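Colleague: what follows is a predicted protein model with its sequence.
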Amino acid sequence: MSLFINQDQNFAHQVHLLEHKLRSKEERILELETEKAILHLRLAECLGRLRRGHEGEAKAKTLLHHQREAQSITQLTLGKLLAEVQNLKQVLSEIFAVYANGVAELEGQSKQILEKLDGARATLNSCHGDDLQSLQSHMAALERDLVEEKERCRAEKQRRREIHNTLVELRGNIRVHCRVRPVLPLDQVQSCSSQSRVISSEEVIHVSEDTVLVNCIQNGNPAINKVFEFERVHGPEDSQNVVFEEVKPLLTSLLDGYNVCIMAYGQTGSGKTHTMMGSQGPPGSPQPGTPQGVSSPGDQQGIIPQAAVELFRLISGKPSESHVVEVSVVEVYNNEVFDLLSLDGEGGAPGQRRDVITTASGPSEVPFLTYECVKSAPEVMQLVWAVVKLRARCPTLVHAHSSRSHLVVTLTVSSNSPHALALARRLKSAKQELQRCPRTDFWSPRCRRANGAPRHASADHSAATASPSSSFSFPGHSQCPSPRPSRAQGLFRTRLQLVDLAGSECVGMSGVTGAALWETSCINRSLCALSDVLGALAEQRPHVPYRNSKLTHLLQDAIGGDAKLLVMLCISPAQRFISESLQSLGFGSRARQFHKQVSHRKNNNLKQK
Ligand SMILES: Nc1ncnc2c1ncn2[C@@H]1O[C@H](COP(=O)(O)OP(=O)(O)OP(=O)(O)O)[C@@H](O)[C@H]1O
């Protein structure tokens, strides 16, 4: 039994070994098949490579072939190009040769042209010199003509001035100058728009040497221009000296025996006091905004100080004649005349009321008027500045230092000149004719005041009402009641009256009330009276209403007599004051009519001759 078991086991073992071998063989077969497949793949790859290598070789062969073809083509083209370059070189050398020839030719030609140019320039220079000479001689001739023309023009002007002066001498004539001042803060109008306050000061007045043009602008309507003509018009840029230079010639008439009056007319704030006195006050006085003691610049002096200097200069030029100069200062306030150089009985308050009378011989006089004898212009101005501060002033909405009275400074020159005495005789007969004018009654003021009452109702007049112990005094003061005994008999007297009128004003604008309102009414009425007198003279009416106001009565000789009168119209250029400016310009034009009529008649006479 055991034997059978061993055999079975051997057999099984044998089978098992064989199966193991078989499995090993099968695995080996699988490995070999795998290797075979791999070898197949490699073989296929190698075959592919080999095939591609063949194709590359064929391509390389083709490329080589093409390269060889290209090389042969390039060689051919290069040959052709070389041939062309050769040709081009040939052409270029030919062109260069032509160019070189051309340059040589041009150089030759330009040389010739330069030579011609030099020749032409030389010719031109000689021609230019001739022309220049002829031009220069022409210019010299023209200049000579111009000088001659200027001389003729100057002589003509001189002749015209002489004729004008002759006319003035024959009749008490009036000439009108106009001065338009610069725009000032008081010209500004403040109006409130919806957002802000607008300040404007539009200029509506423009000037030339002898005309004033006013742009009358009315809301919504086209502007109308009005032109006024005067003997001389000064613009805002004209200085005090320029204004005086035009006035100065009139002063020589004083020594020829004529009375002279220079009067500033205009609305309040238009520059009358500035023009007549100057804005700076007496030299050396402290000015607003300037350190104490600084002198006022000379060119700020107005007509009165400059006229005083000129008068003494004229007198000193005539040493053979003896002259005596006296000064009086009068204020016409509320239609009353006040003697500003007088002192009351106790030697205190200055400014006694005086009357104006018409003397038997014709001219008006102020009895008991105080005259001060003066020997120099500074002495005159010392007196005038001392009393000018007594003048009534009142602040208004238009002008903070508005003068409420008319100021009349009179310089009386007494002379023993035979020429003046001869003239005096001639003028006396002329005056007798003027006396034929009938007289009107005095305009009776509503507010007459007794002597001694305060002169000024509205203003602060501490000096005017000073106590008797006041330290106020005038240099060399000596009151001479009229008739003036100090005056030598047989002397011929002429008067220089310098008048700073009070300004006309519109009550609505100045906003005055109470006593100031009465002052305004008096000022406006006296200015109306002045205008009426000029109107009557211009129309040559038989009656001239001098005595309708104290102002015209006082100035009777100056306005209508034998005096030479110069009205200096003072005008503000601003739109705000246009109606007052038009009124003043109208006054000036009316005053000139008097002058024009005389000239016209004289011209006719000349023509008839
Ligand atoms: N030509 C000018 N150049 C510069 N400032 C001027 C000129 N004219 C007037 N002014 C100035 O205008 C202001 C008013 O002038 P001014 O006092 O002379 O007026 P007015 O006409 O005398 O006035 P009123 O009649 O009210 O006295 C002053 O401050 C003055 O200095």
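Modeller: Cool, got the structure.
Colleague: helix/strand/coil for L311?
Modeller: When classified by DSSP: H, G, I helix; E, B strand; the rest coil, L311 comes out as helix.
Colleague: what bridges to the closest residue to M263 other than its chain neighbours?
Modeller: Nearest residue to M263, sequence neighbours excluded (CB to CB, 6 or more residues apart in numbering): V499, at 4.0 Å. Where you see a C-beta, it was placed from the backbone N, CA and C, and this is true even at glycine. Note on V499: beta-bridge partners by DSSP bridges are M263, V408.
Colleague: how near is V499 to the ligand?
Modeller: As judged by CB to the nearest ligand atom, to the nearest Å, V499 and the ligand stand 12 Å apart.
Colleague: helices of the stretch 501-609 of the chain, start to end?
Modeller: 507-510, 514-538, 550-554, 556-560, 578-608 (DSSP state H, counting those that start in this stretch).
Colleague: so which elements touch the second one?
Modeller: Put plainly, it is helix 514-538. strand 323-333, helix 507-510, helix 550-554, helix 556-560, helix 578-608 (3 or more CB pairs under 8 Å, 6 or more residues apart in numbering; DSSP states H and E).
Colleague: what distance separates that helix from the centre of its chain?
Modeller: On the basis of CA atoms, centre = their mean, to the nearest Å, helix 514-538 sits 33 Å off its chain's mean C-alpha point.
Colleague: repeat for the third one
Modeller: Between the mean C-alpha point of helix 550-554 and the mean C-alpha point of its chain there is a distance of 37 Å (CA atoms, centre = their mean).
Colleague: flag every residue of the stretch 401-550 of the chain that's near the ligand.
Modeller: Residues of the stretch 401-550 of the chain lying near the ligand by CB under 6 Å from any ligand atom: H401, S402, S403, A502, G503.
Colleague: ok, and the most crowded of the residues you listed?
Modeller: Among these, the one with the most neighbours (other CB atoms under 10 Å) is G503, at 29 neighbours.
Colleague: what's the pLDDT at the closest residue in space to that one that isn't next to it in sequence?
Modeller: In space, and not counting its chain neighbours, G503 is closest to T268: 3.2 Å by CB to CB, 6+ apart. Note on T268: pLDDT of 87.
Colleague: which parts of the stretch 151-300 of the chain are helices?
Modeller: 240-247, 252-255, 272-276.
Colleague: pick the most deeply packed of these.
Modeller: Among the helices of the stretch 151-300 of the chain, ranked by average contacts under mean count of other CB atoms under 10 Å, first place goes to helix 272-276 (a mean of 25).
Colleague: quick one: distance of it to the chain centre.
Modeller: For helix 272-276, the distance to the chain centre is 19 Å (CA atoms, centre = their mean).
Colleague: does it come close to the ligand?
Modeller: Yes - under the criterion of CB under 6 Å from any ligand atom, the ligand is reached by helix 272-276 at K272, T273, H274.
Colleague: and which of the residues you listed is nearest to S581?
Modeller: Looking at the residues of helix 272-276 next to the ligand and their distance to S581, the nearest is K272, at 13.3 Å (CB to CB).
Colleague: the closest residue to that closest one other than its chain neighbours: neighbour count?
Modeller: In this structure, K272 finds its nearest non-sequential neighbour in A264, 3.8 Å apart by CB to CB, 6+ apart. A264 is flanked by 28 other residues according to other CB under 10 Å.
Colleague: and the helix or strand hosting F338, what does it pack against?
Modeller: Element membership for F338 (DSSP states H and E) is strand 336-343. Judged by 3+ CB pairs under 8 Å, 6+ apart, strand 336-343 is in contact with strand 323-333, strand 350-354, helix 377-388, helix 550-554.
Colleague: what does the last one contact?
Modeller: Residues lying outside helix 550-554 but in contact with it, judged by CB atoms under 8 Å, 6 or more residues apart in numbering, are 330, 332, 335-337, 356, 358, 364, 366, 406, 408, 442, 501, 526, 529-530, 533, 545-547, 559.
Colleague: strands of the stretch 101-250 of the chain, start to end?
Modeller: 174-180, 189-192, 197-200, 205-207, 211-218, 221-229, 232-234 (DSSP state E, counting those that start in this stretch).
Colleague: got these as CSV, with distance to the ligand, mean pLDDT and mean neighbour count columns?
Modeller: Formatted as CSV, the entries for these read as follows, by distance: least, CB to the nearest ligand atom, whole Å; pLDDT from 0 to 100; neighbours: other CB atoms under 10 Å:
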stretch, distance to the ligand, mean pLDDT, mean neighbour count
strand 174-180, 7, 90, 25
strand 189-192, 17, 56, 9
strand 197-200, 18, 52, 10
strand 205-207, 12, 83, 20
strand 211-218, 15, 82, 15
strand 221-229, 18, 81, 12
strand 232-234, 8, 91, 22
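Colleague: compare those and give me the one nearest T252.
Modeller: Here strand 174-180 is closest among the strands of the stretch 101-250 of the chain (CB to CB), at 14.4 Å.
Colleague: in the stretch 501-609 of the chain, which residue sits nearest the ligand?
Modeller: With CB to the nearest ligand atom as the measure, G503 is the residue of the stretch 501-609 of the chain nearest to the ligand, at 2.5 Å.
Colleague: same deal with the stretch 251-400 of the chain?
Modeller: For the stretch 251-400 of the chain, CB to the nearest ligand atom, closest residue to the ligand: G271, 2.7 Å.
Colleague: I figured that residue hits C570, correct?
Modeller: Yes - between G271 and C570 there is a contact at 4.5 Å, judged by CB atoms under 8 Å.
Colleague: name the residues contacting each of these two.
Modeller: With CB under 8 Å, 6+ apart, G271 and C570 have common neighbours R179, R181.
Colleague: more neighbours: which of those two?
Modeller: Neighbour tally, G271 and C570, criterion other CB under 10 Å: the higher count belongs to C570, 27 against 23.
Colleague: show me what contacts that one?
Modeller: So C570 contacts R179, R181, A264, Y265, G266, Q267, S270, G271, K272, T275, S584 (CB under 8 Å, 6+ apart).
Colleague: redo that, cut-off 7 Å
Modeller: R179, R181, A264, Y265, G266, S270, G271, K272, T275 (CB atoms under 7 Å, 6 or more residues apart in numbering).
Colleague: now Q71: phi and psi?
Modeller: phi -60, psi -40 (degrees, to the nearest 10).
Colleague: need the residues of the stretch 51-200 of the chain near the ligand, please.
Modeller: R181, P182, L184.
Colleague: give me the spatial nearest neighbour of the second one, chain neighbours excluded.
Modeller: By that I understand P182. Computed as CB to CB, 6+ apart, the closest residue to P182 that is not its neighbour in sequence is P236, at 3.8 Å.
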